[in-house]
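Visitor: below are the sequence and a predicted model; questions follow.
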Amino acid sequence: MNGGQVLFGIFALLTCGGAVAVALTQNVVRMAFWLIVSLGSASGLFFLLNADFVGATQLLIYVGGTVVLLIFGVMLTTSGPLLKIPSSPGELIQSAVVGVLFISMFFFTVWSVDWEHVANTARVHDSTTDTVALQNDTTGRPIGMAFLGVRPDRDLGAAEGQPLSTGYFLPFEIVSMHLLVVLIGAAYLARAKRQITTAESRSEVV
Amino acid sequence: MEGVDLKLFLLVGAVLFVCGVICMTSKRNGIGVLIGVELVLNAANLNFVAFSRYTPLGLDGQIMALFVIVLAAAEAAVALAIALNFYNNHLTIDVDRADELRG
Amino acid sequence: MLLADASVSSLGNTLAILLGIACLLPLCGFLIEIFAGYWSDRLSKTPALMAVGCIGGGFACSLLALILWGNATCWTALKADEHGAAHHSVRDDSAETQLALADEELHADEHSSAGADDHHAFHPEVEHHVASEEGHDDHAAEGLVPAHAVFSGTIYRLAKFGNLDITVDYYIDSLTLVMFVMVTFIATCIHIFAIGYMSEELTHEYVDHAVHMSDGHHLHRPGRFYRFFAYMSLFCFSMLGLVYSGSIFLVFVFWELVGICSYLLIGFYVERKSANVAANKAFIMNRVGDFGFLIGLMILWTSFGTFRFAEEIDDHGQAHAGLFHMVRGDKGLMRVSSETGDVVMWGEHEETLLDENDQPRTIPYYLLVIAGLGIFAGCVGKSAQFPLQTWLPDAMEGPTPVSALVHSATMVAAGVYLAGRFFPMFTTDVLLVIAYTGCITLFVAATIAIVATDIKRVLAYSTISQLGYMMLAIGVGGWGAGLFHLITHAFFKSLMFLASGSVIFGCHHEQEMPKMGGLWRKMPITALTMLVGVIAIAGLAIPVTIMGARIAFSGYHSKDAIVATALAFTEANSMHFLLFLTPLVTAGITAFYMFRLWFYTFAGDPRDKHVYDHAHETPKVMTIPLLVLSLFAAGCAIGGEEGVLYRLLSNSEPVGVAAGRMSGAGGISLPSHEAIHLVHAQAGTWALIVAVLGAFLAYVFYGARWVNPTEVGQSFPRLYRFLVEKWQFDALYDAMFVRPVRIIAGWFVVFDRVVLDGFLHAAASSVVHISKWDRRFDESIIDGFVNLMASVTFGIGRSFKKVQTGMLRQYITFIALGVLALFVLMLSFFPN
């Protein structure tokens, strides 16, 4: 039982517990809180997996951005304090059945697959270089290079004459555009309807 | 990291996923459904990162996770806008009230 | 020589162009009149003036052509006879071995005809050949054209089917020229006359008193002045084209055009049933004859391979003999092979025509006879010969100017013209048939004319009779006499018809002679001109000779020539004596009925006071043509056979006629000119005596009225009725053709109604029944299937509708369950 295992146990428990709490809580605000707990501990798991950049991004965007957005949504759509929209017990049972079935499916799968075999057979390149890079270095720089279309994590130390690996420059650009469009679209959606409703209410008044 | 198996990360991801699905099926609140979606996406992220660590997938897994995070953020923004519209139209956020597409 | 060639070809071209213009002018007139007349008002006389202008222009062109031709030939045609006796005497022995000698002599003393005695197309090479051999080319050097030269050529090729060339050819010789001048001149006079006669049509509201409507009123219709003249123009065009054309096929085309024009004009008063029937009758009778014509055409083409009269020079400069040359050769001889009895054809240069296998080309004799009979059948229809003569009297339903045109210059002349033109193709058997046909016709028609009372009908029967004379003349070998009579008859018959038209117009459309009488006091010009015509047709003459010729009107000379030919023929073939006796007797009958007509109409006391009181002389536009025509009727044949007209015509006489050399197989010999000349005086005297007798009888019956003709008629009631009924021809045809056709048609009607209609009805009803079954099949099975499919789809959709609850969370549940199900499935199928 080393420190890594201990840390994994704590973060895993927090993550799962947060998620279960989200599922069980009826209050939206609490759900958001438990979501923060769950996502935050997930970022801890990312750090444990040497994915420091992804973990940081998880904390920044998810915990800092998305959840705040959700809380804004809660605030904007809640007509009273501590509003609950309760589900019926039948629905809960139904959901639980589905959940149990799902989790048993996953457990079955996870246990039945020989992951060592998968890792060995799927090896497509000499893993010594990148394992070194992943274990001894931070991942921010190679990820940035990958977004720019250069893969030092793979091509450094590669055999002479081997074709270069591909980067993610184009998907990066596409996602950028996508984000822009989504932001504009969201702003428009949130705005336009309100105008129409006011117009409708006015006409009703008149 | 010695002593921790890939399977354990996958199990954590499975739990997250199932909790997300349960959220989506049981919550009547639209925001709750959204939170379920976030959980499901996060489960996928966890799997990606775990695979990048334990398999030759390498950095590609992390990059996928980054894309998922970004798209989740975008999805959240649009979904919030939809939720606001929904609320404006129905004066509630209860998704069961939206059955206009009933056959 | 070159000069001669050039002058010949240029003269030919000039004549072709001039006559072509003369021919096409009426066609242009027709087109303008029919369209412009239709669009303009109906009160204008412009169409008439235009028609007169066109035909007058045609006359001018024709006359110019004749004068040019005369100048080019130095009028040798008119002074040719001083050596006629010489070659008559030589030709008389007509032995083939002496032919070459005869021709040599002929060239030696015949200054007029430097270019051989070929009747076919004038060919410079032939002339060259002859001239250089004989050394008598003094006239040729002057550029003299032989008077009997034929100008022929092709204007336009219509079509070519294999060997068959359908071309627009012309064929111009002196006969063509004379016919052109005669037709255009007479047509001009008739046109001018018609301006006056048809003036009643110059109205918007013409009342036709002959047509009774169902409401008891007379028919009112717009005047058709312009249409009349348009038809007349077309008629003239057709006739001129017929004379102009140089191939039998083109002749047939214009032949039919003449037929349709006569149909239009006879049926001009279309609202009158009688006019309708008459037009149909004329047309159908002509069809009967044209059927024979077509058969003749087919035989000619299959046997000879060409339709041309004259030779043709093809694209390679090769000359191909025409129809006449193939049969008759240069000397007018028909060669009948002694072995097979076939007729051997002549080639272009007096050699035997060979076919592809170098065998002589021949035509079976009987085929040539059939072809000739077929063509003659066409002539019979057109010229109203026995047995197709009945249409001509009925054609009197047309306006009188039409009758004049039909009876003199155009329609009926076409038949005689063609018989004359086609003379070289007729064998002696055919000629005998022609002669007997003419003989029967002239007698039958003349006897009917005795009892006819309608003034126009008398003239119509006299026309038939005179046409019979012409046919008889052609049949007995008097080619010149027949066509001579054709021309003279055209003049006096058009004169008499116009005069009768004048009478009818003056008497307000009264045509019955028994209601007339004494009209000479009211219309002296008409009476006088009619008298000229009557004397001309009766053939009266003063029995003294001045300067070698009798003083007589035209009819005397031409009829005299015919009777003389017939007498010569009878002397040579005594068993055919009827061919002389009948025309001689009929000459008397002719004189009788013509004078009867005149006395009936103009002499004595008026029989119908009403008609007489209202009668008046016609306007000048009608009397002047009468006067002009009477001049020509009296004087056109002056000099008889030594006169201008006959000489002109005789230049076109088929070679060999003069020598009587036409005789072929069959044992019939045709008289030579010499033989005719010998009996001329005798025949003339006989004819004159008979004619004077006939005229005197007419005076006895109708002029002085010493004997009452009605009593005479009543004393022979059967004969009288027989004649009044026109020898029962109409009844005979009715019984022979009309009634059997009706009976057969009745059977066909029954057959149609019972069998064909029954079959059709059964078929129709079975189709209806099948359709009913088909409908049931459609509605139950096909529609049922389609509906079933639709309802199944609809039901499935309806049942799935329940699933679509619109509940978001339910959908998610379904998705989750679906994923699970897929997982289970995958596991169960792929356990590993």
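Guide: Here it is on my side, so go on.
Visitor: domains of chain C?
Guide: C:427-724, C:731-801, C:804-832 (automatic domain parsing).
Visitor: please produce a markdown table containing those, extended by distance to A:P89 and mean pLDDT.
Guide: For glycine as for every other residue, the C-beta is placed from the backbone atoms N, C-alpha and C. Formatted as a markdown table, those follow (distance: least, C-beta to C-beta, whole Å; pLDDT from 0 to 100):
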| stretch | distance to A:P89 | mean pLDDT |
| --- | --- | --- |
| domain C:427-724 | 124 | 82 |
| domain C:731-801 | 28 | 91 |
| domain C:804-832 | 15 | 86 |
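Visitor: these into CSV, with extra columns for distance to chain B?
Guide: Converted to CSV, the domains of chain C look like this (distance: least, C-beta to the nearest C-beta, whole Å):
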stretch, distance to chain B
domain C:427-724, 97
domain C:731-801, 4
domain C:804-832, 3
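Visitor: burial-wise, tell me which of those comes out on top.
Guide: domain C:427-724 (a mean of 22; mean count of other C-beta atoms under 10 Å in any protein chain shown).
Visitor: the lowest-mean-pLDDT helix or strand in chain B near chain C at all?
Guide: Within chain B, confidence by mean pLDDT, DSSP states H and E is lowest for helix B:59-90 among all helices and strands, at a mean of 88. No - contact of helix B:59-90 with chain C (C-beta under 8 Å from any C-beta of the partner chain) is absent, the minimum separation being 10.6 Å.
Visitor: thinking again about what came up before, nearest to chain A, out of the domains of chain C?
Guide: Proximity to chain A (C-beta to the nearest C-beta) singles out domain C:804-832 among the domains of chain C, at 5.0 Å.
Visitor: enumerate the residues of the stretch 201-350 of chain C near chain B.
Guide: Counting by C-beta under 8 Å from any C-beta, no residue of the stretch 201-350 of chain C is near chain B.
Visitor: now do the strands in chain C.
Guide: Remark: strands assigned in chain C by DSSP state E are C:151-161, C:164-172, C:206-212, C:218-221, C:312-313, C:319-320, C:335-336, C:342-344, C:362-364, C:541-546, C:549-552.
Visitor: export stretch C:307-320 as PDB, just CAs?
Guide: What follows is stretch C:307-320, C-alpha atoms only, in PDB (Å, rounded to 0.1, in the frame of the first residue of the first chain):
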ATOM      1  CA  PHE C 307     -43.100   9.400-122.600                       C
ATOM      2  CA  ARG C 308     -41.500  11.900-125.000                       C
ATOM      3  CA  PHE C 309     -42.900  12.600-128.400                       C
ATOM      4  CA  ALA C 310     -39.700  13.800-129.800                       C
ATOM      5  CA  GLU C 311     -36.100  12.700-129.400                       C
ATOM      6  CA  GLU C 312     -34.200  13.700-126.300                       C
ATOM      7  CA  ILE C 313     -30.600  14.500-126.000                       C
ATOM      8  CA  ASP C 314     -29.300  13.300-122.700                       C
ATOM      9  CA  ASP C 315     -26.600  14.700-120.500                       C
ATOM     10  CA  HIS C 316     -23.900  12.900-122.500                       C
ATOM     11  CA  GLY C 317     -25.000  14.400-125.700                       C
ATOM     12  CA  GLN C 318     -26.500  11.100-126.800                       C
ATOM     13  CA  ALA C 319     -29.800  11.300-128.700                       C
ATOM     14  CA  HIS C 320     -32.600   9.000-127.700                       C
END
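Visitor: for the residue of chain A found nearest chain C, which non-adjacent residue is closest in space?
Guide: Of all residues in chain A, A:V98 sits closest to chain C, at 5.0 Å by C-beta to the nearest C-beta. Distances taken as C-beta to C-beta, 6 or more residues apart in numbering or on different chains place C:A816 nearest to A:V98, at 5.0 Å, with adjacent residues excluded.
Visitor: got the contact list for the one you found?
Guide: C:A816 is in contact with A:V98, A:F102, B:V21, B:T25, counting by C-beta atoms under 8 Å, 6 or more residues apart in numbering or on different chains.
Visitor: residue contacts, the third one?
Guide: Spelled out, that is B:V21. B:V21 is in contact with A:V98, A:G99, A:F102, B:G36, B:V40, C:I812, C:A816, counting by C-beta under 8 Å, 6+ apart.
Visitor: and for the second one, the neighbour number?
Guide: Just to be clear, that refers to A:G99. Residues within reach of A:G99, counting by other C-beta atoms under 10 Å in any protein chain shown, total 23.
Visitor: pretty sure it contacts B:F17?
Guide: No - the pair A:G99 / B:F17 is not scored as a contact, 9.7 Å apart, by C-beta atoms under 8 Å.
Visitor: hmm, back to that, from the contacts of B:V21, which land in strands?
Guide: Among those, no member falls in strands (DSSP E).
Visitor: so what's the gap between stretch C:409-417 and the chain middle?
Guide: On the basis of C-alpha atoms, centre = their mean, to the nearest Å, stretch C:409-417 sits 5 Å off its chain's mean C-alpha point.
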